[in-house]
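Chemist: Return a 3D structure for these sequence lines:
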Amino acid sequence: LDCVQKLRGPFAFVAWDDRRLFVTRDRLGVHPLYYARIGRRLAFATRIKDLLAAGVEARIDPDGLRHFLLGVRAREATLFAGIRAVPPGHFLTIEAGQESLREYWDIHFPQRGARRRLPEREWVEGLYDALAESVRLHLPDPETPAALLLSGGIDSSMVAALALPHRRLTSYTITFHSPRYRSYDESEGAREVAALLGLDLREVDYSGRQIDLDLFLEVLWHFELPTYLMGVQTTLPFYLLYRRVAADGVSVALSGAGSDQILGGYLLQKLERIRRICERHPRSRRHAALYAHVWRGRAEPHTAFQGLRQEILDVYGHDMSGMAWVGSQVFLRELSLEILSPEWLAALGQGETRGALDLGLDRERYAELDPMDQLLYLEMKTRLPDYLLLEEYQIPAAFGLRASTPFVDHRVVEFAALIPPKVRMRGL
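Modeler: Take a look at the predicted model:
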């Protein structure tokens, strides 16, 4: 059972040890792992569709649907009744018909007031060293065709620069030439980074014209989970990008995915930090200027979520309102009232989710964290494995590719958790 502590990187496997079955998954949930009982058999797979093909009846799980309408997934439940997920950082043992689920790893943020005080330079150098080692380990052998997904942002640019001493990778980026999607285009930054590092940059244009119902259903079949992210910003463009990368003969694609989750790069996390600053200084006249600093001049957008903030507080006992999925719950709840049948609405309490949230978190440990660490902890325990890493696994796998994510390395994450929030969010 101690073998998982010696492993590093993504993994999911099942082992038979005499009379005991051992099932486990990597620490952060890069590789999915599902299981189901089919009669007297126990089946395991990294894709839900394989368990359905093995004989599991396709039925909606009410608990899984409740969590989906909150924008998260339950610790073990899925949208399909009878199919459960092994949570990240856990192992499942089955002996004499009895199941036992245990946690072997979790993200440990310092308790409030217990964080080490170091000069900012030491934090920067420590993170740099951890990430440099992770990039080196995530690079495949020289004989394996590899590439880099380059957005021009700090995250993928860092991966490109740290990979350069070991290997010069062909880079790929998405361009949005259509006026409708121009605000999503980051290709100019990607071109600058590629030119600076001397990388061959290949561009894949996304105009929206490539999207039709057949393609949407094709992507959904691979992704296995409907999500508000399945739109112009993420899943559909990345599906087309990976299709091009695979067509060029690439086997492994590195990316900067996961950096926002471990370092607090999402807009709503920054807004939440500003909200807390404003609460500490309620009479300050600089509230609007603070919000304008990250929200392009709009005034106090957090007020739209005040009711939802209280509900999440009631559900779980702690404030989760800075989560990046808060806005999605507003959308999903309204959508559920339109698309669910009266029978399902009744079963779910008219879309009510109060009391249903089960994320498998250590509540006492969570309550002792700095508020900004709480946000990152929740992000890494929910949206990171449930959506982003699922996308990073399922979409490339559709084309026989493997996505490699150096930021989502447990050594990098463990060091990032020690960094003070003021250092992570410089300027706030």
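Chemist: my guess is L137 meets P10, correct?
Modeler: No - L137 lies out of contact with P10 (Cβ atoms under 8 Å); the separation is 11.5 Å. Any C-beta I mention is one placed from the backbone N, CA and C, and that applies to glycine too.
Chemist: residue boundaries of the strands in the stretch 1-150 of the chain?
Modeler: 12-17, 20-25, 34-38, 41-45, 84-85, 90-95, 98-103, 146-149 (DSSP state E, counting those that start in this stretch).
Chemist: just the stretch 201-350 of the chain next, same as before
Modeler: Along the stretch 201-350 of the chain, counting by DSSP E, counting those that start in this stretch, strands occupy 201-205, 252-254.
Chemist: Let me have those in JSON lines, extended by mean pLDDT, distance to G39 and mean neighbour count.
Modeler: What follows is the strands of the stretch 201-350 of the chain, written out as JSON lines (pLDDT from 0 to 100; distance: least, Cβ to Cβ, whole Å; neighbours: other Cβ atoms under 10 Å):
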{"stretch": "strand 201-205", "mean pLDDT": "93", "distance to G39": "46", "mean neighbour count": "17"}
{"stretch": "strand 252-254", "mean pLDDT": "97", "distance to G39": "38", "mean neighbour count": "24"}
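Chemist: Is it possible to get TSV of these that adds distance to A77?
Modeler: TSV is the format used below for the strands of the stretch 201-350 of the chain (distance: least, Cβ to Cβ, whole Å):
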stretch	distance to A77
strand 201-205	36
strand 252-254	31
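Chemist: Next, the buried residues of the helix or strand that E192 is a member of.
Modeler: Secondary structure from DSSP states H and E places E192 in helix 187-197. For helix 187-197, burial by neighbour count (16 or more other Cβ atoms under 10 Å) applies to S187, G189, A190, R191, V193, A194, L197.
Chemist: mind checking which of the strands of the stretch 1-150 of the chain is nearest V124?
Modeler: Ranking the strands of the stretch 1-150 of the chain by their distance to V124 (criterion: Cβ to Cβ) puts strand 146-149 first, at 22.6 Å.
Chemist: Which strands or helices does the very next helix or strand once past the closest one pack on?
Modeler: For strand 146-149, the succeeding helix or strand toward the C-terminus, using DSSP H and E, is helix 154-163. The elements that helix 154-163 packs onto, with contact taken as 3 or more Cβ pairs under 8 Å, 6 or more residues apart in numbering; DSSP states H and E, are helix 120-138, strand 146-149, helix 187-197, helix 259-263.
Chemist: Let me know the angle separating helix 154-163 from helix 120-138.
Modeler: What separates the directions of helix 154-163 and helix 120-138 is an angle of 70 degrees, with axes from the mean of the first three to the mean of the last three Cα atoms, to 10 degrees.
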